[in-house]
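Q: Build me a model:
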Amino acid sequence: MNEVILSLKEKLNCETAEVSWKELKAHFERGAVIRVAGPVDLIDVAVKMSEDDTQSIEALLRKQQLIRLGQDDIKDFRDEDCFWAVVVAPWVIVQSVSDRIKTSH
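A: Residues are numbered from 1 along each chain as shown. Below is the predicted model of the structure:
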């Protein structure tokens, strides 16, 4: 039996999905949605969170490249707005599709 062993980064990358804001609302309501902003890579953040890399996460929070979404942050979202998302329990980490495209080039 051949067993494929994936790195944490590969595993998290395989677990990403494109989701609409409508699908994220329930997670937002329980305070579990964190948004990756700008040029930061969604999967890199998920790895840092999985590994409890507090120093890196705090730096991203200070630079506002990682934001726990609040009511002011979502006022312009529409149900059809799309995000790339990955779960690192208890969080759902999201990045707008347009930001994700910029970081992948």
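Q: rest of the way, CA atoms for contacts and neighbours
A: OK.
Q: Torsion angles phi and psi at the most centrally placed residue in the chain?
A: Centroid-nearest residue in the chain: residue 93, 2.4 Å away (criterion: Cα atoms, centre = their mean). Torsion angles at residue 93 (phi, psi; degrees, to the nearest 10) stand at phi -100, psi 130.
Q: In the sheet, which residues pair with it? Tell me.
A: Counting by DSSP bridges, residue 93 forms beta bridges with residue 34, residue 86.
Q: Report the separation between residue 85 and residue 4.
A: Going from residue 85 to residue 4 by Cα to Cα, to the nearest Å gives 24 Å.
Q: Please say which of these two ends up with more neighbours.
A: Neighbour tally, residue 85 and residue 4, criterion other Cα atoms under 10 Å: the higher count belongs to residue 85, 27 against 6.
Q: So what's the residue count around the residue lying closest to residue 37 once chain neighbours are set aside?
A: For residue 37, ignoring the flanking residues on the chain, the nearest one in space by Cα to Cα, 6 or more residues apart in numbering is residue 65 at 4.6 Å. Residues lying near residue 65 (other Cα under 10 Å) number 16.
Q: Touching, residue 65 and residue 41? I think so.
A: No: with contact defined as Cα atoms under 8 Å, residue 65 does not reach residue 41; the gap is 10.0 Å.
Q: could you pull out the strands for the protein?
A: 17-20, 33-36, 66-68, 82-88, 91-96 (DSSP state E).
Q: closest to residue 58 out of these?
A: Of all these, strand 66-68 sits nearest to residue 58, with 8.8 Å by Cα to Cα.
Q: tell me what the closest one is packed against?
A: With contacts defined as 3 or more Cα pairs under 8 Å, 6 or more residues apart in numbering; DSSP states H and E, the packing partners of strand 66-68 are strand 33-36, helix 54-62.
Q: Go again with 10 Å.
A: Judged by 3 or more Cα pairs under 10 Å, 6 or more residues apart in numbering; DSSP states H and E, the packing partners of strand 66-68 are strand 33-36, helix 54-62, strand 91-96.
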